[in-house]
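Chemist: Here's a sequence, model it:
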Amino acid sequence: MAVATSGRPVGYLAPVRRAALCMLRLVLPHLANALTASRMVAAVPVSLLVLDERDGLAFWIFLAAALTDLADGYVAKRWASPSRVGAALDPVADKLFVGCLLLALAERELVPVWLVALAIGRDVMLVVGAVLLRSRLADFRIEPLVIGKVSTFVQLLLLGFVLGHEAGIADVAALVEVLIAAAATLTIASALAYLAAGIRLGLVASRPA
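Modeler: Sure, this is the predicted structure:
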């Protein structure tokens, strides 16, 4: 049996190490999807906390959930191959999380209703467009555009700043106004970009084989 420099046997560590590696191989391929799903699960509780004006707790849970948006992509690229399920689940989780919180904040008049209508209207357009393209293109896959990712990031940033301001963490009222304008601009720009991409794919699908 091998002996460490401290005189303690180390042979017993081998089975533990093998068991740990085995567990990692089983868990890591599904970790990215689990992180994405946790964002979906957090949407309703955080929104209820906002409606109940428990802004401090809502902010910290929001922050943890928002960080999964960064973590799931990193985990998928670093330790597991990105899956079609994950590719479809991620934008759904983002839309559900952002949409629920925007509705809750609009109910308290912390964000303008027109911004909520703009964001949800764009998301409905994307879902309808994806369904139509899927019906015409058998190999159609959801591919998020860069501007779409930037738009989602700014929306999350806006939500975080509003919650942080209401929780008394920082006085960022001036930045909130800027972020509302930025979120609206990027939402419109991303909607136009996705619409243009959808039209191009639709034209390809309509061409005779």
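
Chemist: wait, doesn't Leu126 sit right on Tyr194?
Modeler: Yes: taking contacts as Cβ atoms under 8 Å, Leu126 lies within contact range of Tyr194: 5.8 Å. C-beta here means a position set from N, CA and C on the backbone, and glycine is covered the same way.

Chemist: quick one: low-confidence parts of the chain?
Modeler: 1-33, 71-88, 138-142, 202-209 (pLDDT under 70).

Chemist: can you map out the helices along the chain?
Modeler: 13-51, 55-78, 84-107, 113-136, 146-166, 173-206 (DSSP state H).

Chemist: Output those as JSON lines; include the columns mean neighbour count.
Modeler: Below are the helices of the chain laid out as JSON lines (neighbours: other Cβ atoms under 10 Å):
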{"stretch": "helix 13-51", "mean neighbour count": "15"}
{"stretch": "helix 55-78", "mean neighbour count": "18"}
{"stretch": "helix 84-107", "mean neighbour count": "20"}
{"stretch": "helix 113-136", "mean neighbour count": "15"}
{"stretch": "helix 146-166", "mean neighbour count": "20"}
{"stretch": "helix 173-206", "mean neighbour count": "15"}
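
Chemist: can I get the CA coordinates of stretch 144-164 in CSV?
Modeler: Once non-C-alpha atoms are left out, stretch 144-164 reads as follows in CSV (Å, rounded to 0.1, in the frame of the first residue of the first chain):
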residue,chain,number,x,y,z
PRO,A,144,-30.1,33.3,-31.0
LEU,A,145,-28.7,36.5,-32.6
VAL,A,146,-26.0,38.5,-30.9
ILE,A,147,-28.4,41.5,-30.7
GLY,A,148,-31.0,39.3,-29.0
LYS,A,149,-28.5,38.2,-26.4
VAL,A,150,-27.5,41.9,-25.8
SER,A,151,-31.2,42.8,-25.5
THR,A,152,-31.8,40.1,-22.9
PHE,A,153,-28.7,41.2,-21.0
VAL,A,154,-29.9,44.8,-20.8
GLN,A,155,-33.4,43.7,-19.8
LEU,A,156,-31.9,41.7,-16.9
LEU,A,157,-29.6,44.6,-16.0
LEU,A,158,-32.7,46.9,-15.9
LEU,A,159,-34.6,44.5,-13.7
GLY,A,160,-31.6,44.2,-11.3
PHE,A,161,-31.1,47.9,-11.0
VAL,A,162,-34.9,48.5,-10.4
LEU,A,163,-34.9,45.8,-7.7
GLY,A,164,-31.7,47.0,-6.2
